[in-house]
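Novice: Only the shape, not the letters, is given here:
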Ligand code: E4P
């Protein structure tokens, strides 16, 4: 499973990228607003750091304006994936950009039917939002499973990009199901390293190091 980092914070992207943990980046209007930077400028900087797909989201709602924005975003770098919402206008934009050879990430997916439509429209990525479904007491991981089944049934090549990930557990569950990519905030990716028994084991080893005066350097 590929890891995309879900942030527009340059320092955090660099830190994880240097560790080989970043196969791509996703942003959205809320993350861009949080960064306090111009969308074109910050996206260009991200694309210069990460070689994998960098999702940049359109902000228009009608198809013509969305297409114009998508074409402008795609010019930033070769690794841009234009992010469009799962609306009829977004699907129309997805089809046109995909036919032009531009990567498209269809976002705000909350049902298997929506994912089916995105694949038919030639999306490179479909982004089902796990956490926002869980927030409503629905099962976000079940949606990932359903989309995996449907795409495999018919050989759709659209990549399942599990999004709105809130916990390290979401990451391992997505990997078990077979999501192609998971995008998560930096703190969730870092939390994947944590285990209480690792901490406890290390405390024990360090106590013995102190007791026996073990030195390596
Ligand atoms: C990524 O592409 C999505 O925009 C993001 O994962 C949404 O996450 P949230 O539901 O935590 O805002």
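Specialist: Structure received. Quantities reported herein were computed from a predicted structural model and do not represent experimental measurements.
Novice: going forward, measure contacts between C-alpha atoms and count neighbours the same way
Specialist: OK.
Novice: Quickly find the element holding the most centrally placed residue in the chain.
Specialist: Nearest to the mean C-alpha position of the chain, by CA atoms, centre = their mean, lies residue 183 at 2.6 Å. Here residue 183 sits within strand 181-184, counting by DSSP states H and E.
Novice: Report whether the helix or strand following that strand contacts the ligand.
Specialist: Going down the chain from strand 181-184, the next helix or strand is helix 186-191, by DSSP H and E. No. Judged by CA under 6 Å from any ligand atom, helix 186-191 makes no contact with the ligand; its nearest approach is 10.9 Å.
Novice: Phi and psi next, for the residue in the chain that the ligand sits nearest to.
Specialist: Residue nearest to the ligand within the chain: residue 164 (3.4 Å; CA to the nearest ligand atom). With angles defined as degrees, to the nearest 10, residue 164 sits at phi 60, psi 50.
Novice: ok, for residue 167, nearest residue in space, not its chain neighbours?
Specialist: Closest residue to residue 167 apart from its sequence neighbours, by CA to CA, 6 or more residues apart in numbering: residue 188 at 5.7 Å.
Novice: residue contacts, that neighbour?
Specialist: When the contact criterion is CA atoms under 8 Å, 6 or more residues apart in numbering, the partners of residue 188 are 165-168.
Novice: most surrounded residue in these?
Specialist: With neighbours taken as other CA atoms under 10 Å, the top of those is residue 165, carrying 24 neighbours.
Novice: ok, the strand holding residue 183: who's next to it in the sheet?
Specialist: strand 2-6 (parallel), strand 159-162 (parallel) (DSSP bridges).
Novice: ok, which stretches of the chain are strands?
Specialist: 2-6, 24-26, 54-57, 80-85, 103-109, 125-128, 159-162, 181-184 (DSSP state E).
Novice: mind giving me a markdown table with these and columns for mean pLDDT and distance to residue 17?
Specialist: A markdown table is the format used below for the strands of the chain (pLDDT from 0 to 100; distance: least, CA to CA, whole Å):
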| stretch | mean pLDDT | distance to residue 17 |
| --- | --- | --- |
| strand 2-6 | 98 | 9 |
| strand 24-26 | 98 | 9 |
| strand 54-57 | 98 | 13 |
| strand 80-85 | 98 | 17 |
| strand 103-109 | 98 | 21 |
| strand 125-128 | 99 | 21 |
| strand 159-162 | 98 | 19 |
| strand 181-184 | 98 | 14 |
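Novice: okay, those strands in TSV with distance to residue 37 next?
Specialist: Output for those, formatted as TSV (distance: least, CA to CA, whole Å):
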stretch	distance to residue 37
strand 2-6	16
strand 24-26	16
strand 54-57	13
strand 80-85	18
strand 103-109	22
strand 125-128	24
strand 159-162	25
strand 181-184	21
